[in-house]
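Asker: the following comprises the amino acid sequence and a computationally predicted model.
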Amino acid sequence: MNQGQTERHSVSLTVNDRAVEAEVEPRLSLADFLRRHLDLVGTHLGCEQGACGACTVLVDGQSVRACLMLTVQADGTTVETVEGLATNGELHPVQEAFRTKQGLQCGFCTPGMLMRSLELIRDNRGITAEQAREGLASNMCRCTGYQYIVEAVVEAASNMDTEVNQ
Ligand code: FES
Ligand code: FES
């Protein structure tokens, strides 16, 4: 390879039910790939050091910090971002619960909170407020609206109780 020429790797993944193929630089983070290459800017970047959780997405159903994961590490995976939650203009039950319980203020942390909440609810449909609070300890809200966020998670879990594939 010539000096100055950037090495690239092929990746193939599924993002919000869409098959995606791309050639990416080896050090490109998944967050930057989603935001810059796919225009999925709902995945927010806060600290870019793995501390705040704003960039949380689901990879093969598990929450990850997209600022810390390399795009090449996501090769072959299924990625879910906040843009994939609503369907046919209808809010996902988790989004709806955040809305009705006022689980957001400025909204900066919200995409990450929603994705982490979805993972928690999928793992535990009977999640309690205490479990939700503990599970969301990985995500920071600068507006400190944690109480309403916890209430929203419990509400969403109960609303999703009879739903399938959410
Ligand atoms: S931006 Fe990724 S954890 Fe803060
Ligand atoms: S709603 Fe503002 S950072 Fe959480």
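Answerer: Thanks, I have it. Ligands and ions are numbered 1, 2, ... in the order given.
Asker: and the nearest residue to residue 154 once chain neighbours are set aside, what's its pLDDT?
Answerer: Closest residue to residue 154 apart from its sequence neighbours, by Cβ to Cβ, 6 or more residues apart in numbering: residue 129 at 5.5 Å. Using the backbone N, CA and C atoms, a C-beta is placed for each residue, glycine as well. Per-residue confidence (pLDDT) for residue 129: 98.
Asker: gap between residue 129 and residue 74?
Answerer: Relative to residue 74, residue 129 is positioned 33 Å away (Cβ to Cβ, to the nearest Å).
Asker: more neighbours: which of those two?
Answerer: Comparing residue 129 with residue 74 by neighbour count (other Cβ atoms under 10 Å), the higher total belongs to residue 74, at 26 against 12.
Asker: the residue nearest the centre of the chain: what's it in contact with?
Answerer: With distances taken as Cα atoms, centre = their mean, residue 57 lies nearest the centre of the chain, 2.6 Å away. The neighbours of residue 57, taking Cβ atoms under 8 Å, 6 or more residues apart in numbering as the test, are 30-31, 34, 43, 63-64, 66, 79-82, 115.
Asker: ditto for residue 108
Answerer: 44, 46, 54, 142-143.
Asker: tell me the spacing between it and residue 134.
Answerer: Distance, residue 108 to residue 134, by Cβ to Cβ: 22 Å.
Asker: I'd like the contacts of residue 108 laid out as TSV, including distance to residue 9 and neighbour count.
Answerer: Listed next are those as TSV, based on distance: Cβ to Cβ, whole Å; neighbours: other Cβ atoms under 10 Å:
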residue	distance to residue 9	neighbour count
44	25	21
46	27	16
54	26	25
142	35	12
143	38	15
